[in-house]
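Engineer: Next comes the sequence, and after it the predicted model I'd like to discuss.
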Amino acid sequence: MEPPDWLASSVTEIPDFPKPGILFRDLSPLWASSSATSRCAMALAADAVGVDAVVGIEARGFLAGMITAQRLGVGFVAARKPGKLAGQVHRVTYDLEYGSDGLEVQVGALDPDQRVMIVDDVLATGGTARAAIELVERCGAAVVDLRFIIELAGLGGRDVLAPHRVLSLWQTGV
Ligand code: AMP
């Protein structure tokens with residue numbers, strides 16, 4: 001699908017970063033533009049119903065998640081890499097191509113029975129967002145849907161997140 005104009009002009013594609021074969025989508029031009037950021041917030045928050053909190057995934061998901069939370073008038077909760085959050089945490093670990101990684105949220109950051117939207121900048125294989133779903137559920141909260149600015153549709157992340165609802169502002173290849 002074609003991206004909206006404000007988004008197409010807000011992404012720089014950088015080949016072979018951070019490693020050979022990856023076409024990195026750099027959204028720095030988006031965050032540098034007040035008008036594009038406003039439009040992005042509106043698009044990410046569109047038609048959301050019954051959301052009590054937004055969880056954003058470290059690190060660029062903090063930006064996308066926070067503007068969405070502000071637009072919805074709800075609080076923001078950071079899902080961070082292990083060892084970054086103070087105090088007691090819930091942790092979910094997940095496998096990478098080589099090794100493993102994890103995500104944490106602070107105990108008490110989400111109330112049981114809260115309805116949560118998960119937000120990140122890019123959906124690739126879906127492993128990171130899948131871990132965020134588990135983390136939200138570990139807190140006793142429920143995932144309403146997951147929203148991304150860019151979805152690399154060829155990598156199948158949407159299938160990994162099923163049956164949860166996934167919305168992305170721009171679906172592109174890999
Ligand atoms: P994944 O777990 O494979 O869905 O990877 C998603 C995470 O990696 C997100 O937090 C993205 O910020 C980042 N990511 C993966 N692929 C790209 C890419 N091509 N360009 C920018 N960020 C990416």
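Structural biologist: Everything's here; your move.
Engineer: Report the buried residues of stretch 105-119.
Structural biologist: By neighbour count, with 16 or more other Cβ atoms under 10 Å as the criterion, the buried positions of stretch 105-119 are Val105, Gln106, Ala109, Leu110, Gln114, Arg115, Val116, Met117, Ile118, Val119. Backbone N, C-alpha and C define where each C-beta goes, glycine included.
Engineer: For the nearest residue to Val11 once chain neighbours are set aside, name its beta-bridge partners.
Structural biologist: Distances taken as Cβ to Cβ, 6 or more residues apart in numbering put Arg25 closest to Val11, at 5.4 Å, once the chain neighbours are dropped. Residues found in beta-bridge contact with Arg25 (criterion: DSSP bridges) are Glu13.
Engineer: and Arg25, what is it in contact with?
Structural biologist: Residues in contact with Arg25 (Cβ atoms under 8 Å, 6 or more residues apart in numbering) are Val11, Thr12, Glu13, Asp121, Val122, Ile150.
Engineer: Recalculate using a threshold of 6 Å.
Structural biologist: Val11, Val122, Ile150 (Cβ atoms under 6 Å, 6 or more residues apart in numbering).
Engineer: can you tell me the helix or strand for the second one?
Structural biologist: Same thing as Val122. Under the criterion of DSSP states H and E, Val122 resides in strand 115-123.
Engineer: nearest to the ligand, of the contacts of Arg25?
Structural biologist: Taking Cβ to the nearest ligand atom as the measure, the ligand lies nearest Val122 of the contacts of Arg25, at 3.9 Å.
Engineer: need the contact list for that closest one.
Structural biologist: Val122 makes contact with Arg25, Ile150 under the criterion Cβ under 6 Å, 6+ apart.
Engineer: buried residues in the longest strand along the chain?
Structural biologist: Once the chain is assigned using DSSP state E, the strand that runs over the most residues is strand 142-152. Of the residues in strand 142-152, Val143, Val144, Asp145, Leu146, Arg147, Phe148, Ile149, Ile150, Glu151, Leu152 count as buried by neighbour count, 16+ other Cβ under 10 Å.
Engineer: if I look at Ala32, how far off is Thr12?
Structural biologist: Using Cβ to Cβ, to the nearest Å, Ala32 is found at 11 Å from Thr12.
Engineer: now Asp120
Structural biologist: 18 Å.
Engineer: Show me what the spatially most central residue of the chain bridges to in the sheet.
Structural biologist: Closest residue to the average C-alpha location of the chain: Asp120 at 1.6 Å, with Cα atoms, centre = their mean. For Asp120, the residues forming beta bridges with it (DSSP bridges) are Phe148.
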